[in-house]
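In: Have a look; sequence and predicted model below, questions after that.
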Amino acid sequence: MAKLDTKEREKIQATEYAFPKERKEPLENAAHVRNAIARFDQVKGVSESEKDEAWARIKKAAKKFGVEMDESSRKELKGANTKK
């Protein structure tokens, strides 16, 4: 998967990110959705409610792009940090 440069990131609408306020984890295609799932636990500086909202956006994007998810919740991610 190619890395997005700043101009490419700016072209993506905020609503197409798992974390729109921070513009982290774009969800505009299947490859980026898979990447967002894989990197979900690496995102720092967001609240638990923002993580819940991001997970809902990821699930919606996964369905849209036909990405199968083994996890039904973000708590099922391998290596998930469940501490608050």
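Out: Everything's here; your move. Owing to the predicted nature of the structure, the values given are computational and were not obtained by experimental measurement. Numbering: from 1, shown residues only.

In: what's in contact with the longest helix seen in the chain?
Out: Determined from DSSP state H, the single longest helix within the chain is helix 48-65. If you take Cβ atoms under 8 Å, 6 or more residues apart in numbering as the criterion, helix 48-65 is touched by 16-21, 25, 27, 29-30, 33, 36-37, 40, 43, 46, 67-69, 73-74, 84. Every residue, glycine included, has its C-beta placed from N, CA and C.

In: give me that answer again for 6 Å
Out: The set of residues external to helix 48-65 that reach it, using Cβ atoms under 6 Å, 6 or more residues apart in numbering, is 18-19, 27, 30, 33, 36, 69, 74.

In: buried residues in that helix?
Out: Within helix 48-65, the residues that count as buried by 16 or more other Cβ atoms under 10 Å are 50-51, 53-55, 57-59, 61-62.

In: will you turn those into CSV that also has pLDDT?
Out: Formatted as CSV, those follow (pLDDT from 0 to 100):
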residue, pLDDT
E50, 95
K51, 94
E53, 96
A54, 96
W55, 95
R57, 97
I58, 96
K59, 95
A61, 97
A62, 96
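
In: Would you format the residues you listed as TSV with distance to E8 included?
Out: Shown next, in TSV, are the buried residues of helix 48-65 (distance: Cβ to Cβ, whole Å):
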residue	distance to E8
E50	23
K51	25
E53	24
A54	20
W55	24
R57	19
I58	20
K59	24
A61	17
A62	21
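
In: tell me which of the residues you listed is nearest to I12?
Out: A61 (12.1 Å; Cβ to Cβ).

In: Could I get the full set of strands for the protein?
Out: Remark: strands assigned in the chain by DSSP state E are 17-19, 24-26.

In: wait, which of these is closest to R9?
Out: The nearest among the strands of the chain, by Cβ to Cβ, is strand 24-26 at 7.1 Å.

In: Averaged pLDDT, that closest one. What do you get?
Out: For strand 24-26, mean pLDDT rounds to 93.

In: which stretches of the chain have low pLDDT?
Out: Low-confidence segments of the chain (pLDDT under 70): 1-2, 78-84.

In: number of nearby residues for the nearest residue to R39 once chain neighbours are set aside?
Out: Leaving aside its sequence neighbours, R39 sits nearest to E25 (Cβ to Cβ, 6 or more residues apart in numbering; 6.5 Å). Counted with other Cβ atoms under 10 Å, the neighbours of E25 add up to 24.
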